[in-house]
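Asker: pasting a predicted model and its sequence here:
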Amino acid sequence: MADELKQKTEEYPVMPLRNTVLFPQQVIPIYVGREKSLKLINDLSPQGKHIVVVAQEDGSIEDPKPEDLYAFGTLAVVLKVFDMPDNSKSAIVQGVERVKMLDYIDNDPYYIAKVSRVKNVEESDIELDALVKNLRNTFSELIQVAPNLTEEHSGMLSNIQKPARLADRAISLLTVSNSEKQDILEELDVKARVEKSIAILSREIQRIKLGEEIQSEVHDEISKTQREYYLREQMKAIKKELGEDEGTVELNELEDKVKDAKMSDEAEGVALKELDRLSRIPTQSPEYSVARTYIEWLADLPWSKSSDDTVDIKKAHKILDEDHYGLDKVKERILEYLAVRSLKQKKDPDGAIRGPILCFAGPPGVGKTSLGKSIARSMGRDFIRLSLGGVRDEAEIRGHRRTYIGALPGRIIQSLKKAGTNNPVFMLDEIDKLGMD
């Protein structure tokens, strides 16, 4: 290290830099806004405009201490100072030489430090020449991909013959971290400095190329999405002109289903009113799906589909005997109901006959549910069994209010739709286990 440091020590005012590393021979503008830095600039004499600039390890520290500054800095000369509108200043400085910070001897009103100029350790050989050539080629490759570098920068490097200055200049043009730049500044072995510079340049090339690949993939994905969106919008416009857009087609299908369902006048009026409201609701609105589901359920119910009754007492007696052994009193009571129904139907064929409600009570397994199946089979009707065991919410039977998202009709309406006829035989099984709600 004794060869690297000149014996002569000098004292210079020190200006800490937040996010900048100054290299020898580099000219940069610096913003001067801190009180100590302003005092330093104001105290510079016309004959002595040399200062030492040293980077802070943490740029967020407003008033850095000596331990917050790097051990190496750059001796610089202040070329020109400009007054700014906010009472701050801007200075143009040029790096002169690397210096090592030896000791801070004063900190008021600004830092003054003892420094020692350091010289590069350089041995010209074939390996260094090869590294310099590699550095130039790598920088030329970087120019091809870096958006902030131009061929003019490559021309600037081609005029530099000294390897030490070439490495400094190449790194000073990059937008890399301060720690990486400081590492180059502190490296006194020229060969090692060139090698580190090549590594930084190569890493920067990889970073830029990777960023471009990611950006290209994102752009392609966005372009694909936009293209699909435009095509869909064009398809919608064409279908709308032809009267075949999805909304119109769906509304027409719903209207046809409502008319084909042969509802009662009151139900059809409600359905058409809802259909008219649906045509004015945007398809993206949650209310659209609620109204559409309601109309679909209205249209799917078997309003006009009925099973033809075939009330034949002898046939019914035969079916009951086939399906069940014994239970004579129960069978007799069922046949009485069927006989009364048959007499009413013969007396007034066009009259409305109210369906009776039968209550079967008994222990499990005696045939209550199967008796209901036999009654439906003897009458030629569909059979529906609703198990009410464990039901605690009456809305499960009668249905929820359709203002709820995802609301559905109750079990009775669902069973009617599933049966496909409006006069099936309903068996409300285990009604004694129905909750108290």
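Answerer: Now that the structure is in, tell me what you want to look at. Numbering: from 1, shown residues only.

Asker: next, the distance between the ends of stretch 39-57.
Answerer: Its first and final residues considered, stretch 39-57 spans 22 Å by CA to CA, to the nearest Å.

Asker: let's number from 529 now, not from 1
Answerer: Yep, numbering from 529; the last one is stretch 567-585 now.

Asker: list the buried residues of stretch 588-607.
Answerer: By neighbour count with 16 or more other CB atoms under 10 Å, stretch 588-607 contains the buried residues 592, 597, 598, 600, 601, 602, 603, 604, 606. For the C-beta atoms, the positions are set from N, CA and C on the backbone; glycine is no exception.

Asker: quick check: closest non-adjacent residue to the fifth one.
Answerer: When the adjacent residues along the chain are set aside, residue 601 lies closest to residue 582, with 3.2 Å between them (CB to CB, 6 or more residues apart in numbering).

Asker: so which helix or strand takes in that neighbour?
Answerer: Mapping residue 582 onto the secondary structure by DSSP states H and E places it in strand 578-583.

Asker: what does residue 747 give?
Answerer: Using DSSP H and E, residue 747 sits in helix 718-769.

Asker: again with residue 808
Answerer: No secondary structure element spans residue 808, as it lies outside all helices and strands (assigned by DSSP H and E).

Asker: just give me the neighbour total for it.
Answerer: Other residues within reach of residue 808, judged by other CB atoms under 10 Å, total 7.

Asker: now the stretch 679-828 of the chain, which segments are flagged as low pLDDT?
Answerer: Low-confidence segments of the stretch 679-828 of the chain, defined by pLDDT under 70, are located at 767-777.

Asker: same thing but 90
Answerer: Low-confidence segments of the stretch 679-828 of the chain, defined by pLDDT under 90, are located at 679-692, 700-706, 717-718, 732-733, 735-828.

Asker: sec struct for residue 913, please.
Answerer: Here residue 913 is recorded as strand under DSSP: H, G, I helix; E, B strand; the rest coil.

Asker: kindly report the same for the one 5 residues further on.
Answerer: Under three-state DSSP, residue 918 falls in the coil class.

Asker: do the same with residue 889
Answerer: Per three-state DSSP, the secondary structure class of residue 889 is coil.

Asker: quick check on it: phi, psi?
Answerer: When quoted as degrees, to the nearest 10, the phi and psi of residue 889 stand at phi -120, psi 140.

Asker: ok, it to residue 899 distance?
Answerer: Using CB to CB, to the nearest Å, one obtains 12 Å as the distance from residue 889 to residue 899.

Asker: so these two - more neighbours on which side?
Answerer: When residue 889 is set against residue 899 and neighbours are counted by other CB under 10 Å, the residue ahead is residue 899, at 20 against 7.

Asker: the chain - how does it break down into domains?
Answerer: Listed domain ranges for the chain are 533-646, 648-770, 774-828, 841-874+884-961 (source: automatic domain parsing).

Asker: save the ones you listed as a markdown table, and put in distance to residue 834 too.
Answerer: Converted to a markdown table, those look like this (distance: least, CB to CB, whole Å):
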| stretch | distance to residue 834 |
| --- | --- |
| domain 533-646 | 84 |
| domain 648-770 | 40 |
| domain 774-828 | 11 |
| domain 841-874+884-961 | 5 |
